[in-house]
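Starting from these lines, generate the structure:
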Amino acid sequence: ICHYYSLYREFFENLIPLDGQSSATELDKIVRRRRLYLRLLLSRSLDTNRAMTEAQKFALVVVPAPLKEPLVYSIPKTLEGHLKPGTRVLIPLQKRTVTGIVVEVVGASPVTKTKSIVAPLDEEPIFDHHLLELARWISQYYLASLGEVIATMLPAKSRRQSQKTITLEKPEMLNDEGFRRKVLDELQRQKGKMTVKTLAARFPGRSLDRILTRLEALGAIRVDDRLAGQRRKKGALLAASDLPTINIPMRFDLTTEQHNALRAIESRIKMNGFETFLLHGVTGSGKTEVYIRAMERAKELGRKSLILIPEISLTPQLLDRLRARFPQKVGVLHSALTEAERWAQWLEICHGKVDVVVGARSAVFAPIPGLGLIIVDEEHDSSYKQEDGLRYNGRDVAVVRGKFLNCPVILGSATPALESYENCHHGR
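Predicted coordinates:
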């Protein structure tokens with residue numbers, strides 16, 4: 001406002017006075033000159049704004065809270081080109097520093113004054129563009145804010161403080177120069193130990209990843225990546241691997257109906273296209289074996305699988321059966337996990353360390369790279385409907401996610417839901 005006020009003030013101060021003695025020709029020249037002068041002033045203003053916009057990048061950040069619109073933050077020069085949609089970032093919000101998700105990087109800001117992003121929390125995005133697209137669809141379809149959707153999709157532990165802790169190992173390296181010296185000095189002032197989040201807040205706008213990696217390689221510091229309140233223990237937190245081993249037959253011959261169903265599913269997996277299958281069979285008819293063989297086919301093609309199961313059906317026998325066919329490659333997400341275990345398991349899945357993810361309703365949001373098959377067992381079960389907070393149907397969200405990913409979806413049930421049965425008869 002002050003900028004445009006100064007322009008108009010400059011315009012009026014340079015007006016040529018009109019008097020009653022001027023002829024019509026002179027008046028016309030004066031009016032034309034005033035219009036030209038004003039056009040030049042406005043053009044200069046637009047050029048200035050355009051230059052400022054081109055020189056600065058902005059990020060639209062969603063906070064896991066019921067806010068209607070994303071918040072706009074400026075991207076520090078040191079992070080330009082490195083910050084991608086789907087990355088968690090630390091942002092100042094009122095008097096707090098909170099965690100948000102970058103949903104878009106833009107070249108212009110709708111507001112005049114913006115705050116800057118403090119620091120990124122992830123080296124790579126934890127949400128790919130398909131999950132962000134799914135979040136937007138859920139927001140529109142279920143009439144919820146994007147912040148509420150993100151809050152539902154993310155484990156609660158992800159919204160807490162950074163879990164990376166830095167320990168000063170070699171104080172004698174404080175003779176180092178440049179920015180590394182500042183980092184080491186700050187560690188020394190904090191008695192040799194602090195979190196990455198706290199350190200990032202000391203140096204806003206600076207990317208610490210390379211500096212910390214270099215200092216760790218030199219042996220000056222040690223970086224521990226563990227969850228707050230979580231005891232250190234070796235090995236991945238795979239709930240399926242903690243279960244007692246049960247002797248289950250590895251494979252058995254398929255019936256003609258099972259073989260025909262599997263062949264149709266495998267054909268679609270190979271073509272890598274979206275299609276919804278309804279696998280109708282009574283309890284004990286071998287639906288699970290069809291699921292597993294379809295998942296094995298997806299694995300052969302280098303793709304991963306997601307199988308949703310009602311919480312009551314998520315038994316040790318089923319998990320052990322999956323573990324026998326996919327050794328050390330099964331990720332589990334269910335309500336019995338602690339927050340720390342769920343977040344650790346979520347990261348294992350995000351980093352592509354498992355081939356099969358099995359879980360209850362909320363597992364539909366698991367960040368699975370290269371997802372090529374989605375299965376919803378007992379698709380008629382009412383437990384797929386979330387009744388608290390964000391209300392959604394896990395089965396329907398799974399179908400929409402399959403459509404976005406262009407991968408097949410299997411709905412299995414002994415008593416299919418009426419709408420699923422009707423859609424099947426109409427070829428939908």
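
Ignoring the adjacent residues along the chain, who's closest to the residue nearest the centre of the chain?
Geometric centre of the chain, nearest residue: Phe127, 2.4 Å, by CA atoms, centre = their mean. Closest residue to Phe127 apart from its sequence neighbours, by CB to CB, 6 or more residues apart in numbering: Gly86 at 3.5 Å. Using the backbone N, CA and C atoms, a C-beta is placed for each residue, glycine as well.

Next up, the contacts around that neighbour.
The contact partners of Gly86, taken as CB atoms under 8 Å, 6 or more residues apart in numbering, are 101-103, 125-129, 131-132.

Val358 - how many residues pack around it?
28 (other CB atoms under 10 Å).

Can you spell out which residues form a bridge with it?
Beta bridges link Val358 to Ile307, Val332 when assigned by DSSP bridges.

Could you verify my assumption that it touches Thr315?
No. Assessed by CB atoms under 8 Å, Val358 is found out of contact with Thr315, at 11.0 Å.

Could you pull out the helices in the stretch 251-400 of the chain for me?
256-271, 287-300, 316-325, 339-350, 394-405 (DSSP state H, counting those that start in this stretch).

and of these, who's closest to Ala59?
helix 339-350 (20.5 Å; CB to CB).

distance between the closest one and the chain's centre?
Counting by CA atoms, centre = their mean, to the nearest Å, helix 339-350 is centred 14 Å from the centre of its parent chain.

Also stretch 179-199?
Distance of stretch 179-199 from its chain centroid, counting by CA atoms, centre = their mean, is 29 Å.

what's the span of that stretch, first residue to last?
13 Å (CA to CA, to the nearest Å).

likewise stretch 267-282?
End-to-end span of stretch 267-282 (CA to CA): 24 Å.

And that stretch, what's buried?
By neighbour count on 16 or more other CB atoms under 10 Å, the buried set for stretch 267-282 is 268-269, 275-281.

Now go through the residues you listed and say which are in strands.
Within the buried residues of stretch 267-282, residues falling in strands by DSSP state E are 276-280.

Who are the contact partners of Val63?
71, 91, 93, 98-100, 147.

coming back round to it: could you measure the residue nearest to Phe127 against Trp137, distance?
16 Å (CB to CB, to the nearest Å).

repeat for Gly331
For Gly331, the distance to Trp137 - CB to CB - is 24 Å.

More neighbours: which of those two?
Set side by side, Gly331 and Trp137 show more neighbours around Gly331, with 27 against 16, by other CB under 10 Å.

can you pick the most crowded of the contacts of Val63?
Within the contacts of Val63, Gly100 tops the neighbour count with 26 neighbours, counted by other CB under 10 Å.

from the chain's centre, how far out does the host helix or strand of that one sit?
Using DSSP states H and E, Gly100 sits within strand 96-106. Put simply, strand 96-106 sits 11 Å off its chain's centre (CA atoms, centre = their mean).

outside of it, which residues touch it?
Residues contacting strand 96-106 (CB under 8 Å, 6+ apart): 57-64, 70-71, 75, 83-91, 118, 121, 125, 127, 132, 146, 150, 154, 158-160, 201.

From those residues, list just the buried residues.
Among the contacts of strand 96-106, those buried by neighbour count (16+ other CB under 10 Å) are 57-64, 70-71, 75, 83-91, 118, 121, 125, 127, 132, 146, 150, 154, 158-160.

so of the residues you listed, which ones are in strands?
Short answer: the buried ones among the contacts of strand 96-106 in strands (DSSP E) are 58-62, 71, 88-91.

show me the contacts for the residue nearest to Lys193 when sequence neighbours are not counted.
Take Lys193 and drop its neighbours on the chain: the residue closest to it by CB to CB, 6+ apart is Thr167, 5.1 Å away. Residues near Thr167 by CB under 8 Å, 6+ apart: 192-193, 221-224.

please redo it, this time with the cut-off set to 7 Å
By CB atoms under 7 Å, 6 or more residues apart in numbering, Thr167 lies in contact with 192-193, 221-222.

Arrange those in JSON lines, one row each, with neighbour count as further columns.
JSON lines is the format used below for the contacts of Thr167 (neighbours: other CB atoms under 10 Å):
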{"residue": "Gly192", "neighbour count": "14"}
{"residue": "Lys193", "neighbour count": "13"}
{"residue": "Ile221", "neighbour count": "23"}
{"residue": "Arg222", "neighbour count": "14"}
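
From those residues, which land in strands?
193, 221-222.

Please state the offset of stretch 267-279 from the chain centre?
So, by CA atoms, centre = their mean, the centroid of stretch 267-279 is 26 Å from its chain's centroid.

same question, stretch 361-371
For stretch 361-371, the distance to the chain centre is 11 Å (CA atoms, centre = their mean).

So what would you say the end-to-end distance of it is?
Termini of stretch 361-371 sit 17 Å apart (CA to CA).

ok, residues contacting it?
126-128, 131, 153, 302-304, 306, 308, 333, 349-350, 352, 357, 359, 383-384, 386, 394, 397-398, 401, 405, 407.

Can you mark which positions in that stretch are buried?
361-368, 371.

Just the ones of these in strands?
Per DSSP E, those map to strands at Leu371.

Do you know the pLDDT at Thr256?
Here, the pLDDT recorded for Thr256 equals 90.

what about it, neighbour count?
Neighbours of Thr256 (other CB under 10 Å): 7.

any idea how far it is from Leu411?
The gap separating Thr256 from Leu411 is 21 Å, by CB to CB.

What of Arg88?
From Arg88 across to Leu411, the span is 33 Å (CB to CB).

for Ile75, same thing?
With CB to CB as the criterion, Ile75 and Leu411 are 42 Å apart.

returning to that earlier point: could the ones in strands among the contacts of Thr167 be laid out in CSV, adding distance to Lys113 and pLDDT?
Conversion of the ones in strands among the contacts of Thr167 to CSV gives the following (distance: CB to CB, whole Å; pLDDT from 0 to 100):
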residue, distance to Lys113, pLDDT
Lys193, 37, 86
Ile221, 37, 85
Arg222, 40, 86
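
need those in TSV with distance to Ala324, can you?
Listed next are the ones in strands among the contacts of Thr167 as TSV, based on distance: CB to CB, whole Å:
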residue	distance to Ala324
Lys193	44
Ile221	43
Arg222	38
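
Let me know the closest of those to Lys182.
So of these, ranked by how close each gets to Lys182 (CB to CB), first place is Ile221, at 13.4 Å.

hang on, that closest one packs against Lys170?
No. Using CB atoms under 7 Å, Ile221 makes no contact with Lys170, being 8.0 Å away.
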